[in-house]
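Q: sharing a model that was predicted from the sequence below.
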Amino acid sequence: MDKLRITGGNRLSGEVTISGAKNAALPILCATLLTAEPVVLRNVPALNDIHTTLKVLGQLGVNIQWLEEGVVQLQANQINSYEAPYELVKTMRASILVLGPLLARFGQAKVSLPGGCAIGQRPVDQHIKGLATLGADIRVEHGFVLAKASRLQGASIHTDMVTVGGTEQFLMSAALAKGTTILENAAREPEVVDLAELLIAMGAKISGHGTDRIVIEGVEQLHGADYRVVPDRIEAGTFLCAVGATGGDILLRNAAPATMGAILDKLEESGLDLETGPDWIRASMSGRPRAVGIKTFEHPGFPTDMQAQIMALDTIANGTAVIVENIFENRFMHVPELIRMGADIELDGHTAVVNGVSQLFGAKVMATDLRASASLVIAALAASGETIIDRIYHLDRGYEQMEVKLKGLGAQIERLRG
Ligand SMILES: CC(=O)N[C@H]1[C@@H](OP(=O)(O)OP(=O)(O)OC[C@H]2O[C@@H](n3ccc(=O)[nH]c3=O)[C@H](O)[C@@H]2O)O[C@H](CO)[C@@H](O)[C@@H]1O
Ligand SMILES: C=C(OP(=O)(O)O)C(=O)O
């Protein structure tokens, strides 16, 4: 298992290029199942989650060709299986998103329930209920979701909570359904908008994406497209937290500040000097960060995927920050690891109170999930001495060459292969 060795204390400076968004690319890859024509996708990050999704799609019969770095062509004209097996689906939850497209285009699908996840239970009951509302004959048996439909029928779907994956599942399914589908209580995340834009480029009739009411008029078939994935707002936010913690001056290229309102507001509040253009962000920081409280919410609220990184920044801030996690029931696993590095954090249910300390110390710590890993990297960059982060396969799920990018900004960081 690979580890990271980080010696803290270096200020970050220089330029870094942000990758395409993992959480936009994953549903977008699944959406290519909706047409027999080739779909070319650009700005696709080379991440473990992307490779796993491509494996799932390849096993279904999708023809996959990398045309150049970051550019992949997928063609689903020879689908020979409608089943996504446990061995692949267990490693990442997003693979449940092949369910709707298979069902909508081929009338059948058998997809393993995603494995349990460290940050919460993450059931898929809303996906199942929504697809049943669209007319699918759907049930769970022996750990698989089994679904059939001659043709999905447009309907009104109102989910119990805002769900990003659920909204994406219904967008893709309803695109080929007969009649009109209305999604109430829809997720407004930029990644949902990006998927909707790809579907529109493929000939889907969708309006209202980016609001909580999306209307989809089903069409008979979709066609190929050439589409560029939106930049990763969470990766960008992670680098900004890193410079907030170490001090310095960095320029993010290929970023999408327009998708990052809540994140940028909080970082400014913590003392970062920010300047933005259409696709870049310049950030500089001098002195100690100020404590900033956050409550995670659905977009446009503060994203849960940035909670751990902001907490890392708060551990060394001046003052006390209250952090409330509203989306996932178990997303504080970075807390005991940050405490090992000298952080002062009290946990009470879904609230963490972070009393800033003037200095963190390097330690041996363990990554427990993707964003928890990122928070440990940020803490280690700011700490005095050496930190070894174990189990960084979590980090590799969602960050493209993080240690290479950080090294380019002047960090002392290396991957220990094991
Ligand atoms: C690949 C991807 O894009 N992942 C993101 C996506 O995950 P994901 O799409 O899985 O997250 P959801 O928005 O669906 O989950 C929100 C909440 O709803 C609950 N829920 C969801 C569906 C369901 O059928 N039943 C149910 O109870 C979940 O357990 C969670 O508590 O959105 C999350 C919330 O912004 C992000 O943290 C993840 O990074
Ligand atoms: C939780 C995340 O991803 P996933 O939904 O793929 O587990 C994340 O990107 O922070």
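A: Okay, I see it. Ligands and ions are numbered 1, 2, ... in the order given.

Q: what does the worst-scoring helix or strand of the chain on mean pLDDT contact?
A: Using mean pLDDT, DSSP states H and E, the weakest-scoring helix or strand in the chain turns out to be helix 86-89, at a mean of 88. Contact with helix 86-89 is made by 52, 55, 56, 59, 95, 96, 111, 112, 113, 114, 115, 143, as judged by CB atoms under 8 Å, 6 or more residues apart in numbering. Glycine gets a C-beta too; all of them are placed from N, C-alpha and C.

Q: restricting to C-alpha, output it in CSV.
A: Below are the C-alpha coordinates for helix 86-89, written out as CSV (Å, rounded to 0.1, in the frame of the first residue of the first chain):
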residue,chain,number,x,y,z
TYR,A,86,-20.1,-6.6,-7.2
GLU,A,87,-16.3,-6.9,-7.6
LEU,A,88,-16.2,-3.6,-9.5
VAL,A,89,-19.2,-1.8,-8.0
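
Q: what stretches of the chain score poorly on pLDDT?
A: 115-117 (pLDDT under 70).

Q: quick one: name the residues of it near ligand 2.
A: Proximity of the chain to ligand 2 is confined to 23, 92, 93, 94, 119, 305, 370, 371, 398 under the rule CB under 6 Å from any ligand atom.

Q: just those residues that are near ligand 1?
A: Near ligand 1, taking CB under 6 Å from any ligand atom as the test, the members of these found are 23, 93, 94, 305.

Q: and the first one, helix, strand or coil?
A: The three-state label given to residue 23 by DSSP: H, G, I helix; E, B strand; the rest coil is helix.

Q: chain center to the least confident helix or strand of the chain: distance?
A: Centroid displacement of helix 86-89 relative to its chain, using CA atoms, centre = their mean, to the nearest Å, is 19 Å.

Q: same check on stretch 310-328?
A: 20 Å.

Q: now do the end-to-end distance for it.
A: 16 Å (CA to CA, to the nearest Å).

Q: what's the closest of the ones next to ligand 1 among the residues of the chain next to ligand 2 to ligand 2?
A: residue 305 (4.0 Å; CB to the nearest ligand atom).

Q: neighbours of that closest one, how many?
A: Neighbours of residue 305 under the rule other CB atoms under 10 Å: 26.

Q: does it really touch residue 234, like I thought?
A: Yes: counting by CB atoms under 8 Å, residue 305 does reach residue 234; the two are 4.7 Å apart.

Q: which neighbours do these two share?
A: 23, 371.

Q: out of the residues of the chain next to ligand 2, which are inside helices?
A: 23, 370, 371, 398 (DSSP state H).

Q: if I look at the closest residue to residue 409 other than its chain neighbours, how far off is ligand 1?
A: Leaving aside its chain neighbours, residue 409 sits nearest to residue 12 (4.2 Å; criterion: CB to CB, 6 or more residues apart in numbering). To ligand 1, residue 12 is 25 Å away according to CB to the nearest ligand atom, to the nearest Å.

Q: what's the burial count for residue 12?
A: With other CB under 10 Å as criterion, residue 12 counts 23.

Q: contacts only, for it.
A: 242, 243, 246, 247, 248, 249, 250, 381, 406, 409, 410, 411.

Q: isn't the fourth one right up against residue 286?
A: Looking back up the chat, that one is residue 247. Yes: counting by CB under 8 Å, residue 286 is a contact partner of residue 247 at 5.8 Å.

Q: of these two, who's got more company?
A: Higher neighbour count among residue 247 and residue 286: residue 247, with 18 against 11, using other CB under 10 Å.

Q: and that one, how far from residue 212?
A: Distance, residue 247 to residue 212, using CB to CB, to the nearest Å: 39 Å.

Q: again with residue 367
A: For residue 367, the distance to residue 212 equals 34 Å [CB to CB].

Q: ok, now residue 205?
A: Distance of residue 205 to residue 212, given as CB to CB: 19 Å.

Q: need the contact list for the residue lying closest to residue 29 once chain neighbours are set aside.
A: Residue nearest to residue 29 in three dimensions, not counting chain neighbours: residue 53, with 5.0 Å by CB to CB, 6+ apart. Residues in contact with residue 53 (CB under 8 Å, 6+ apart) are 26, 29, 30, 92, 94, 95.
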